[in-house]
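**Q** Need a 3D model of the sequence below.
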Amino acid sequence: MRYVSWILCAVALATACQKPDDDASEPGGGHAFAPAAPPQNAAELQAPLAKIGDVTITLGEFEERINRQSPYIRARYTSLEQKKEFLDELVRFEILAKEAYRRGYDKDPEVVRTMKQVMIQKLMRDELDAKFTADAIKDADMKASYDANLADYVKPEEVRASAIILKNKAQADRVLLEAKGEAGKTNKGFRDLVQKYSSDDETKLRGGDLRYFDVTAKDVPAPVVKAAFALVNTGDVSGVVDAGTGTYYILKQTGRRKSMTKTFEDAKSQIRNKLFREQRLAAQKDFVTKLRGQATIEINEANLAKVRIDTSNAQPNDDGHGQNLAPPPMPGPAAGSGSPNSLPLGSAGQPIP
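**A** Sure, this is the predicted structure:
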């Protein structure tokens with residue numbers, strides 16, 4: 001019930017993260033924190049601090065909730081009066097949860113859906129975090145990935161160009177005058193010349209774009225490759241290039257990429273994170289597949305076909321209740337104590353745990 005009560009209030013209240021007051025700060029922007037006290041024994045942790053009907057807030061629960069906050073938030077609650085303020089917010093939290101229960105909000109579809117989403121996130125974290133960590137990725141696996149995808153880390157210099165392709169040298173000479181003049185000065189102007197004169201239908205559909213290629217490109221004639229790399233600046237226009245295939249090219253350089261060499265050591269962190277994500281995604285898929293195999297699932301496709309979708313003024317992935325129907329990303333590894341951004345605000349403007 002306590003878990004659901006958190007959900008009920010989280011749905012009902014806006015969330016935000018508040019910065020501590022200036023008086024909690026040290027000169028220079030730091031914060032003063034008291035040294036950690038020794039932990040209490042089990043009996044002390046069970047000591048009641050407040051009762052709200054049949055709900056008891058214990059000393060241990062109070063400490064757990066307040067220590068879940070960021071260090072900057074915790075710095076606000078060192079005096080007895082400040083602790084009373086935080087306890088008052090917990091009491092307020094439970095009062096609101098009880099009223100939400102009384103009104104039946106625990107059965108509201110939106111609340112139930114939100115509760116399920118949070119439970120699924122916790123389930124996946126508990127299922128995967130202990131089994132998969134980035135530090136567990138072996139160097140041998142990272143090196144194998146690096147070698148298998150070497151083209152992602154070692155890239156030669158590349159150039160991009162657009163081309164007007166013609167079959168007649170005399171015509172190419174005439175078009176060159178336009179390409180080097182005002183008509184071909186801009187990329188749009190050059191594309192217009194491509195549409196007007198180029199004889200190659202495939203590149204014509206792309207406005208003459210030959211895309212990026214390096215000096216070893218085989219799908220671009222060698223004389224064209226050489227001429228493209230000879231263009232120093234983006235926007236430069238070549239002369240008429242005899243491609244040696246009965247065609248003549250007029251090129252405009254539209255981009256250039258420097259060569260890149262990233263060693264295994266340079267790429268190691270990137271590869272580790274990539275393999276970590278892939279392992280978790282595979283484990284998530286296997287876990288869900290296993291659960292589906294254990295479940296009894298019946299699909300009525302006849303009734304499914306009768307579903308009517310109103311697409312008027314629809315927003316992508318919106319279920320009409322402000323909920324995103326796109327499958328939520330599976331949770332990543334736990335980030336420690338969690339963010340205070342996930343907590344509703346209390347009456348004093350502080351997050352409620």
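**Q** all helices for the stretch 201-350 of the chain, in order.
**A** Under the criterion DSSP state H, counting those that start in this stretch, the stretch 201-350 of the chain carries helices at the ranges 201-204, 222-230, 264-294, 301-304.
**Q** residues contacting G60?
**A** Taking C-beta atoms under 8 Å, 6 or more residues apart in numbering, we find G60 in contact with Q40, E44, L45, Q46. Just so you know, the C-beta spots here come from the backbone N, C-alpha and C atoms, and that holds for glycine as well.
**Q** Check whether the third one really touches E63, as I assumed.
**A** Think L45. Yes. With contact defined as C-beta atoms under 8 Å, L45 counts as touching E63 (7.5 Å).
**Q** thinking again about what came up before, pick the one among the contacts of G60 closest to V224.
**A** L45 (76.9 Å; C-beta to C-beta).
**Q** and the closest one, how many residues sit next to it?
**A** 15 (other C-beta atoms under 10 Å).
**Q** ditto for D129
**A** Using other C-beta under 10 Å: D129 sits among 14 other residues.
**Q** In terms of pLDDT, where does it sit?
**A** We have a pLDDT of 87 for D129.
**Q** what's it sitting at in phi/psi?
**A** phi -60, psi -40 (degrees, to the nearest 10).
**Q** Could you measure from it over to F276?
**A** Separation of D129 from F276 (C-beta to C-beta, to the nearest Å): 12 Å.
**Q** cool, F93 as well?
**A** 36 Å.
**Q** Neighbour count for the two, which is higher?
**A** Neighbour comparison, F93 and F276: the larger count goes to F93, with 25 against 18 (by other C-beta under 10 Å).
**Q** What residues sit buried inside the helix or strand containing that one?
**A** Here F93, judged by DSSP states H and E, is contained in helix 80-102. By 16 or more other C-beta atoms under 10 Å, the buried positions in helix 80-102 come out as 85-87, 89-94, 96-98, 100.
**Q** Nearest to S70 among the residues you listed?
**A** F86 (13.9 Å).
**Q** Now the closest one. Nearest residue, chain neighbours left out?
**A** Y77 (5.0 Å; C-beta to C-beta, 6 or more residues apart in numbering).
**Q** Quick check, the one you found in contact with D88.
**A** No. Using C-beta under 8 Å, Y77 is not in contact with D88, being 11.5 Å away.
**Q** do you know how far the residue located most distally from the centre of the chain is from S162?
**A** Distance to the chain centre peaks in the chain at A170, reaching 54.2 Å (criterion: C-alpha atoms, centre = their mean). For A170, the distance to S162 (C-beta to C-beta) stands at 22 Å.
**Q** Contact partners for S79?
**A** With C-beta under 8 Å, 6+ apart, S79 has no contacts at all.
**Q** Report the separation between it and F86.
**A** 11 Å.
**Q** do A222 as well
**A** A222 is 74 Å from F86, by C-beta to C-beta.
**Q** Check I250 too.
**A** 74 Å.
**Q** With N303 instead?
**A** Taking C-beta to C-beta, one finds N303 at 51 Å from F86.
**Q** Also V224?
**A** Taken as C-beta to C-beta, the span from V224 to F86 is 72 Å.
**Q** ok, now K98?
**A** From K98 to F86 the distance is 19 Å (C-beta to C-beta).
**Q** Give me the domain ranges for the protein.
**A** 1-121+334-353, 130-147+264-295, 154-261 (automatic domain parsing).
**Q** number of nearby residues for E301?
**A** Around E301 there are 7 residues (other C-beta under 10 Å).
**Q** now swap in A243 and tell me
**A** 16.
**Q** likewise S70?
**A** 16.
**Q** roughly how far out does stretch 114-127 sit from the chain middle?
**A** 19 Å (C-alpha atoms, centre = their mean, to the nearest Å).
**Q** And that stretch, what's buried?
**A** Using 16+ other C-beta under 10 Å as the test for burial, stretch 114-127 gives T114, M115, M124, R125.
**Q** Identify those among those residues that sit within strands.
**A** Judged by DSSP state E, strands contain none of the buried residues of stretch 114-127.
**Q** What about those residues, which are in helices?
**A** T114, M115, M124, R125 (DSSP state H).
**Q** And the furthest pair within those?
**A** T114 and R125 (17.0 Å).
**Q** Flag the shaky bits of the stretch 201-350 of the chain, pLDDT-wise.
**A** Scanning the stretch 201-350 of the chain for pLDDT under 70 picks out the ranges 314-350.
**Q** So T254 sits against T186, correct?
**A** No. Applying C-beta under 8 Å, one finds T254 not in contact with T186, separated by 11.1 Å.
**Q** So these two - more neighbours on which side?
**A** Per other C-beta under 10 Å, whichever of T254 and T186 has more neighbours is T254, with 22 against 12.
**Q** A97 versus the more buried one, what's the distance?
**A** For T254, the distance to A97 - C-beta to C-beta - is 61 Å.
**Q** for A172, same thing?
**A** 79 Å.
**Q** With T311 instead?
**A** From T311 to A97 the distance is 38 Å (C-beta to C-beta).
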